[in-house]
Structure formats: C-alpha cells, structure tokens
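[1] no sequence for this one, just the structure:
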C-alpha cells in the first residue's frame, strides 16, 4: 500500500489529463467554466506550502515537491514532523478523493471575496461538495486572459461558512474529458432536456 501523501500525488496526477466543462446559469444567463489541472498546483492544494518550518517545502520548486511525493521520496510521515502539520492534516485526509468530489459536484457559487473579509482567498467560483458526510470547498479561479480555470484552493469546511452570502448558480451541464484519449463523459445535462 502506498503512502498517504503518495496516494494524494497519484490521484492528482490522474487529474492532470482531465478537463471538466461546466455550464452554469442564473436568471437566464449562462456561463462556461473550463477546468484544467497542473502539477504545480499540487503543493498549494494539499496545503504543503503551510509547512514553513520544513526547508524542503519552503525552498524546492512546486514541481520538485510534486515529483518527490509521486515517487515516494517524501512521505506523510515527513508532514507529521512539522509544527504546522495541523494546518495540513485534514486536507490530506480528503485530497485523494478530489476527482470523486468533482465528479459528483453540483453546487456552484459565484465567489466574492468581499463577502468573506476573514479570508484572503481570491477566486471566481466556489464548489461545495460532500465526502463521507463532510462538506468540502473547492475554489476555482480564472487563468488571466483566458477562459480556463484552475483549482485555487481546497479544504474541508470548518467553523466558517464560505458559502454565506455567495450567489448560487444552477448547474446546467457538466462534461469530463480525458485530454489524452479524447474520451468524454457527460456527467450532467439539463440543457438537452429542454
């Protein structure tokens, strides 16, 4: 059985070949979200950037950290030795299930940072998903000068409700595309029912 951190990296590696397309609507207007993944996002999404007392996580490139996690050169045990491990522990518990959460997700909010002054997160959208009875937040942001989005942040819901005051959208269509094989799966389609 692979190490917990390595399982997270392997799960994220699978997502790098995947693209999700969401069409959402509100008050007669539709928007499209195209979500892609990059290996450089792993460190931030898994919360490893919070382990500031570990020189490797502080100084190595994000790609190197991802590669080391993938190859098992750094382990979950490495994380537990950090004084800041508590900030990462819950993310790691759920991280390997990110693809399942995205597959099953149908709750999408337009995210306004102004409505959450207690947070520094800058994002365009907030997905709320559930895994084993726990609400999980997945924040999406737009890549500048494109229509493409990426995962900005990911963590289980704590004391603060990030959805409070946010504008909820209706999911109209969702497709999951494997960019390598070209195979696609329509996961949700409310548009063709009209």
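    Now that the structure is in, tell me what you want to look at. The model shown is predicted, which means the values in this text are computed figures rather than measured ones.
[2] which residues touch residue 46?
    Residue 46 makes contact with 5, 8, 12, 69, 88, 91, 92, 95, according to C-beta atoms under 8 Å, 6 or more residues apart in numbering. Any C-beta I mention is one placed from the backbone N, CA and C, and that applies to glycine too.
[3] measure it to residue 70 for me?
    12 Å (C-beta to C-beta, to the nearest Å).
[4] same check, this time on residue 165
    Residue 165 is 39 Å from residue 70, by C-beta to C-beta.
[5] next one: residue 176
    For residue 176, the distance to residue 70 - C-beta to C-beta - is 22 Å.
[6] Likewise for residue 19?
    The value you get for residue 19 to residue 70, if C-beta to C-beta is used, is 21 Å.
[7] which strand of the chain spans the most residues?
    strand 167-178 (DSSP state E).
[8] Now do the helix or strand following that strand against strand 167-178, angle only.
    Downstream of strand 167-178, the first helix or strand assigned by DSSP states H and E is strand 184-189. Counting by axes from the mean of the first three to the mean of the last three C-alpha atoms, to 10 degrees, strand 184-189 lies at 160 degrees to strand 167-178.
[9] in strand 184-189, what counts as buried?
    Judged by neighbour count using 16 or more other C-beta atoms under 10 Å, the buried positions of strand 184-189 are 187, 188.
[10] Equivalent analysis for stretch 144-163, please.
    149, 150, 151, 152, 153, 154, 155, 162, 163.
[11] could you give the angle of the helix ranked longest in the chain to strand 167-178?
    If you go by DSSP state H, the chain has its longest helix at helix 4-16. Helix 4-16 runs at 80 degrees relative to strand 167-178, counting by the same axes, to 10 degrees.
[12] Please compute how far helix 4-16 lies from its chain's middle.
    12 Å (C-alpha atoms, centre = their mean, to the nearest Å).
[13] Now the phi/psi pair for residue 51, please.
    phi -90, psi 60 (degrees, to the nearest 10).
[14] List the contacts of it.
    Going by C-beta under 8 Å, 6+ apart, residue 51 touches 57, 58, 79, 82, 84, 85, 87, 88.
[15] Inside helices: which ones of those residues?
    57, 58, 79, 87, 88.
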